[in-house]
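>>> this is a predicted model, with the sequence first.
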Amino acid sequence: MMIAACRLVDLPRGEAHRLDIDPPVSVFHTDDGELFAIDDTCTHQDASLADGWLEGCEVECPLHASKFNLKTGAVDAPPAKLPVRTHEVFVEDGMIYVRLSTAAPNLPPCIAARLVGGVT
């Protein structure tokens, strides 16, 4: 599935734009001008990575400082152990689009337990 995220001019370098879909996805615009999209929820606990700190090609979770590689989704610093999904990003006619991954997301234990238990 492909989703229009926002206009490129509306996403300054060094910032993120969160897409409120299920599960949420964030688009990051690095200081070098690269665009990346990853699942927005930290795999350690329920925290928005769009609210974290962007440095180079990494984002640091604002809750417990886990770091994720924006290119690969890999965990670069604990306490998170599982990677986040990455998604394809492209720009067409000044609009940023995200093509969502078909892989299953890695949800933090607090959300996974809630879903398994049927509590919303």
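Cool, got the structure.
>>> let's see the pLDDT reported for residue 49.
Per-residue confidence at residue 49 stands at 98 (pLDDT).
>>> which phi and psi values does it adopt?
phi -70, psi -20 (degrees, to the nearest 10).
>>> likewise for residue 9?
phi -70, psi -20.
>>> find the nearest non-adjacent residue to it, please.
Leaving aside its chain neighbours, residue 9 sits nearest to residue 94 (6.7 Å; criterion: CB to CB, 6 or more residues apart in numbering). Using the backbone N, CA and C atoms, a C-beta is placed for each residue, glycine as well.
>>> quick check: that neighbour vs residue 61, distance?
In this view, residue 94 and residue 61 are 30 Å apart by CB to CB, to the nearest Å.
>>> of these two, who's got more company?
Legend: neighbour count by other CB atoms under 10 Å for residue 94 and residue 61, higher for residue 61 (24 against 9).
>>> in this structure the more buried one contacts residue 50, no?
No: if you go by CB atoms under 8 Å, residue 61 and residue 50 don't touch, sitting 10.5 Å apart.
>>> check what pLDDT residue 33 gets.
Note on residue 33: pLDDT of 97.
>>> tell me which element it is part of?
Per DSSP states H and E, residue 33 falls between elements, in no helix or strand.
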